[in-house]
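Colleague: Model the structure of this input:
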Amino acid sequence: MSNFDKHFKTKISIFLFFLSVSIFPQTKTFIQDYSYASSKVDSKNISCAIALHQVRTLLLTDVETFLEKEDNLSKFGIPDSLSQDFDKSIKCIISWVTDINILESRWIGTEYFIKASLTITQATLGKRISIFLEQKNSLSEFEEDYLKTEEAFLGINGLQERFATSTAEKEKSSIRRQYITLTNLITASDYLHKSYSKFLDNEFDKSILYCKKAIEYGSNSALTYNIIGLENYFKGNNDEAINFYEKAIKLNPMSALVYSNMGLVFIKKANFDKAISCFGKAISLDSNFAVAYDNMGLGNYYKGNNNEAIDLYEKAIKLNPKSALAYSNMGLVYFRKAKFDTAISCFEKAIELNPKLAVAYYNLGYTYLDRYNFKMAIPPFEKAANLGYVGAREWIKKIKALDKLLK
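Modeller: You can find the predicted model right below:
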């Protein structure tokens, strides 16, 4: 790795993509309870799963109603340009980016009672919603899981009616098996939602645990294996991540998202040719997948293919003009090409688009430092440090120490 690459930092465009939102104290908590009258075919665990599904549905309906009121979308960090897409899938998206908190539960043999809360905050909800709305190619997979869960619940209702009127034991046994399968799907979906919520909170151990529980209960979708692949990627379990991505591809060979995510693992393993191949496959499946172009640019950057990298970043920006990451990454290539003014413009554009993108401040600071413009280097390094960027504060100390020596 060159001295340049040691100091400069790239930022990957992955399944997650966080937009900045204005911060002000805005929190809303919803509380609902539900009593489920168990049928003859229900066990305690099944009754719990159904009651949990119902109370979650009530809470999501409350959130949907609240957000659809005037100004609440913007207050919670959902840009006007995205609100139309959000309206179309509001319940599905909220179900994935939030988690419910069980306040009280009890089982009395014929009834399962659950009281739960769901809290949304302006500081986090807008970011999480943007994950979906800025990468719409992934939304369909989440919608598919959501709809399957709703269909399973409708199927449960039908099976309850059939079981109640059935007199043949053989038919009842068949209904029980179908019933358990459908309730397992609901339980699996609940664990998968918990897994993704913990993933968004960077609690990867818990996230992986919940995802494995989802698989135990029968979750066998490309989305499930993509999520657990991501979890292992961020844990540094590269081989495990690839294994799960390959399972996801086997289930859905047309998933551009999975190929793009798998390419990032190969970048981490320094297998840049394989990474570029994965990103190329993602683009062949979805020619409008901006993130895949951005990541493919990263692969070419590491290979030293500067012009190819710039072309790919420009394509990513054309598809998503608000991609702060693409601008920041493109700035690194221009720095390497000694086009420093253009590099600075790229970093500044990235910061304009996302004022919380610490890596862009860091790279801007380092560009000024490299040009011996210490006065201009300190402010972006300070901003990067305040945003938690590792290494920025050390450069500030070195610059100030050097400045004293020069005086």
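Colleague: thinking Lys349 is in contact with Ala326, fair?
Modeller: No. Between Lys349 and Ala326 there is no contact under CB atoms under 8 Å: 9.7 Å. Every C-beta, even on glycine, is put in place using the N, C-alpha and C of the backbone.
Colleague: of these two, who's got more company?
Modeller: Ala326 (32 against 18; other CB atoms under 10 Å).
Colleague: For the more buried one, give me its contacts.
Modeller: With contacts taken as CB atoms under 8 Å, 6 or more residues apart in numbering, Ala326 has the following neighbours: Ser13, Ala290, Tyr293, Asp294, Gly297, Tyr313, Ala316, Ile317, Asn320.
Colleague: pLDDT score for it?
Modeller: Turning to Ala326, the model gives it a pLDDT of 94.
Colleague: For the helix or strand where it lies, output the C-alpha coordinates as CSV.
Modeller: Remark: Ala326 resides in helix 324-336, with elements defined by DSSP states H and E. What follows is the C-alpha trace of helix 324-336 in CSV, where atoms were taken according to Å, rounded to 0.1, in the frame of the first residue of the first chain:
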residue,chain,number,x,y,z
ALA,A,324,-21.8,12.2,-1.3
LEU,A,325,-19.7,9.0,-1.2
ALA,A,326,-19.2,9.0,-4.9
TYR,A,327,-17.9,12.6,-4.8
SER,A,328,-15.6,11.9,-1.9
ASN,A,329,-14.2,8.7,-3.5
MET,A,330,-13.7,10.5,-6.8
GLY,A,331,-11.7,13.2,-5.0
LEU,A,332,-9.2,10.6,-4.0
VAL,A,333,-8.5,9.7,-7.6
TYR,A,334,-8.0,13.3,-8.6
PHE,A,335,-5.6,13.7,-5.7
ARG,A,336,-3.6,10.7,-7.0
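Colleague: As JSON lines, the contacts of Ala326 with distance to Ala248 and secondary structure would be great.
Modeller: Conversion of the contacts of Ala326 to JSON lines gives the following (distance: CB to CB, whole Å; DSSP: H, G, I helix; E, B strand; the rest coil):
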{"residue": "Ser13", "distance to Ala248": "19", "secondary structure": "coil"}
{"residue": "Ala290", "distance to Ala248": "21", "secondary structure": "helix"}
{"residue": "Tyr293", "distance to Ala248": "21", "secondary structure": "helix"}
{"residue": "Asp294", "distance to Ala248": "21", "secondary structure": "helix"}
{"residue": "Gly297", "distance to Ala248": "24", "secondary structure": "helix"}
{"residue": "Tyr313", "distance to Ala248": "27", "secondary structure": "helix"}
{"residue": "Ala316", "distance to Ala248": "23", "secondary structure": "helix"}
{"residue": "Ile317", "distance to Ala248": "28", "secondary structure": "helix"}
{"residue": "Asn320", "distance to Ala248": "24", "secondary structure": "coil"}
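Colleague: pLDDT below threshold where in this structure?
Modeller: 1-25, 70-71, 73-88, 123, 127, 130-139, 406-407 (pLDDT under 70).
Colleague: Break down it into its strands, ranges please.
Modeller: Listed in chain order, the strands of the chain (DSSP state E) span residues 27-37, 101-107, 111-121.
Colleague: mind putting the ones you listed in JSON lines, distance to Thr167 and mean neighbour count included?
Modeller: What follows is those, written out as JSON lines (distance: least, CB to CB, whole Å; neighbours: other CB atoms under 10 Å):
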{"stretch": "strand 27-37", "distance to Thr167": "22", "mean neighbour count": "16"}
{"stretch": "strand 101-107", "distance to Thr167": "29", "mean neighbour count": "12"}
{"stretch": "strand 111-121", "distance to Thr167": "26", "mean neighbour count": "19"}
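Colleague: Same list (those strands) but as a markdown table, adding distance to Ile94.
Modeller: Formatted as a markdown table, the strands of the chain follow (distance: least, CB to CB, whole Å):
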| stretch | distance to Ile94 |
| --- | --- |
| strand 27-37 | 11 |
| strand 101-107 | 15 |
| strand 111-121 | 8 |
